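Asker: Predicted model, plus sequence, below.
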Amino acid sequence: MVVRFMREMVGALGDGLHREELFQRIGRAALQCSGALSACVYEVLPGGRLRGAAVEGLFPPQRQVPEASRGKLATRARYIEQILRSETLEPGEGVVGAVASARRGELIVDGASDPRIIDHGDEVLAVRSLIAMPIEFRGDLLGVLVVANPLDGGAFSETDFSLVQSLAEQAGLALHNNEFLALQLEKRQLDVDLALAQEIQQVLVPQKLPHVHGLEMDVRYIPAKEVGGDLVDVIGLSEGRVAVVIADVSGKSVGASILMAICRTRIRHAFTNSQSPAEVLREVNRGMAEEFRRDKFVTALVCVVDGNTGDVAIARAGHEGPLIASRPAGKSAFSCAFPSLDGMALGIGELAMFDEAMIEQTVHLDFGDLLVLYTDGVTEAVNDEGKEFSSARFADAVRALASRRASDVCDGVLETIRRFTGATRFSDDLSFVVVRRAQKVGV
């Protein structure tokens, strides 16, 4: 369903639609993909107010409508659409305004029990269940996507919520790129695909890392000239823990970037159900079964770091294992190790086989130790002689810098790779994350 929506958005951008037409395409695609009876896309007006920009089905107005005015138009659908396009909601008003203000989606399982849901006294306009999701890009609120009432007569589920969240994220990307793509229509399709893929990849890079007591963290992501599909994510969890995720999708260009965007959404949602890296990867693999094609798979490494105890739970899905830099007792120099972990890539083999192969392992970070996650673009970066940077050189670079702050380690490793390759651009995406347990809690 998500892939279908993505293809619809890419097609809409390629058609060079005006903003209003794109809103309509988003609403129609969301209705089809979510299995809802009705949908509405609200756009953000100057001052933060919200206006219904696109309506699909008999979507209920968010304000009470005078009974006397209901028969003025020829059809009920046309009447409802006119009401939604004319009414403007204030930030914080009703469910839609609350979602816009909080920048957080809402799942309403039972509309009758929510006082914010308007009772229009009309069964056709009754809200049994509803999902409202902010449409954002790089922190800017562009609108709110709302779907109401599943076709089967039941209530929306957490899975439906995750799906609509994915749709809203990609809708935000489509709206952002609409003007950009319109200027590129005369260029070759390959150029358009690469530019769009780079935009998608930049969205996947954390703009601000969560603060976790007792840990230092920093991230480096250097996009390649040929676009790949790296993912780096850092997710704040409860009780002083943080999830660190790094992944790489097979293939290149816009298809790889779209698949990775879906993967990111799935991983983040899975962490709302479990904080076990292995269970998160199992859930993601099950949820993305329909998105994978024969020529596409994703490798991933997921770690949950406890800033209080220094314990790190790790699960590997076919990705390069982490690097641990530690200082043995009584030694002044650091040593580096690559823990051996099992696990097959996402999208390969039967679900039961993946679940059985997924093993979770726990390692411990003492004060000053480092955990480093990376993609193969780091170890496989080549110089003019065709030699790879290699895991050994990577470990040497980290070891030489391990006593410094996480940001200094990132800078130093990147500079070491640049000196080795002599390149300012790389043939593959280069991504890594450094997590350092501070010498003293809070440092």
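Answerer: All right, it came through fine.
Asker: what packs against the longest strand belonging to the chain?
Answerer: Ordering each strand of the chain by length in residues (DSSP state E) puts strand 140-150 first. Packing contacts for strand 140-150, counted by 3 or more CB pairs under 8 Å, 6 or more residues apart in numbering; DSSP states H and E, involve helix 19-34, strand 36-44, strand 50-56, helix 94-102, strand 130-137, helix 158-184. Quick note: C-beta positions are derived from backbone N, CA and C, even for glycine.
Asker: change it to 6 Å
Answerer: Here strand 140-150 touches strand 36-44, helix 94-102, strand 130-137, helix 158-184, going by 3 or more CB pairs under 6 Å, 6 or more residues apart in numbering; DSSP states H and E.
Asker: which SSE is the residue lying closest to Ser238 once chain neighbours are set aside in?
Answerer: Nearest residue to Ser238 in three dimensions, chain neighbours excluded: Gln275, at 7.7 Å (CB to CB, 6 or more residues apart in numbering). In this assignment (DSSP states H and E), Gln275 forms part of neither any helix nor any strand.
Asker: And the helices in the stretch 151-300 of the chain?
Answerer: In the stretch 151-300 of the chain, the segments counted as helices under DSSP state H, counting those that start in this stretch are 158-184, 189-204, 253-270, 277-287.
Asker: which stretch in the ones you listed has the least confidence?
Answerer: Lowest mean pLDDT within those: helix 189-204, a mean of 61.
Asker: so who does Leu145 touch?
Answerer: Shown in contact with Leu145 (CB atoms under 6 Å, 6 or more residues apart in numbering): 30, 41, 133, 135, 168.
Asker: give me that answer again for 8 Å
Answerer: Leu145 makes contact with 26-27, 30, 39, 41-42, 132-135, 164, 167-168, 171, according to CB atoms under 8 Å, 6 or more residues apart in numbering.
Asker: I'd guessed Ala406 sits against Val212; true?
Answerer: No: counting by CB atoms under 8 Å, Ala406 stays clear of Val212, with 11.7 Å between them.
Asker: Check the secondary structure at Arg104 for me.
Answerer: Judged by DSSP: H, G, I helix; E, B strand; the rest coil, the three-state class of Arg104 is coil.
Asker: What's the separation between the closest residue to it other than its chain neighbours and Ile118?
Answerer: Closest residue to Arg104 apart from its sequence neighbours, by CB to CB, 6+ apart: Pro134 at 7.1 Å. Pro134 sits 21 Å away from Ile118, going by CB to CB, to the nearest Å.
Asker: higher neighbour count, the two?
Answerer: When Pro134 and Ile118 are compared on other CB atoms under 10 Å, the one with more neighbours turns out to be Pro134, at 24 against 18.
Asker: Now for the more buried one: which residues touch it?
Answerer: Here Pro134 is in contact with 99-100, 103-105, 141, 143-145, 168 (criterion: CB under 8 Å, 6+ apart).
Asker: now it, which residues is it bridged with?
Answerer: Val144 (DSSP bridges).
Asker: And stretch 131-142, end to end?
Answerer: 17 Å (CA to CA, to the nearest Å).
Asker: buried stuff in that stretch?
Answerer: For stretch 131-142, the neighbour count (16 or more other CB atoms under 10 Å) marks 131-137, 141-142 as buried.
Asker: Lowest-confidence member of the residues you listed, which is it?
Answerer: pLDDT across these is lowest for Phe137, at 88.
Asker: ok, now which ones touch that one?
Answerer: Applying CB under 8 Å, 6+ apart, the residues contacting Phe137 are 172-173, 175-176, 203.
Asker: how does this protein divide up, domain by domain?
Answerer: 2-182, 205-437 (automatic domain parsing).
Asker: Those domains: lowest mean pLDDT?
Answerer: When I compare those, domain 2-182 is least confident, with a mean of 82.
Asker: now that domain, how far from the centre of its chain.
Answerer: Relative to the centre of its chain, domain 2-182 is centred 20 Å away, using CA atoms, centre = their mean, to the nearest Å.
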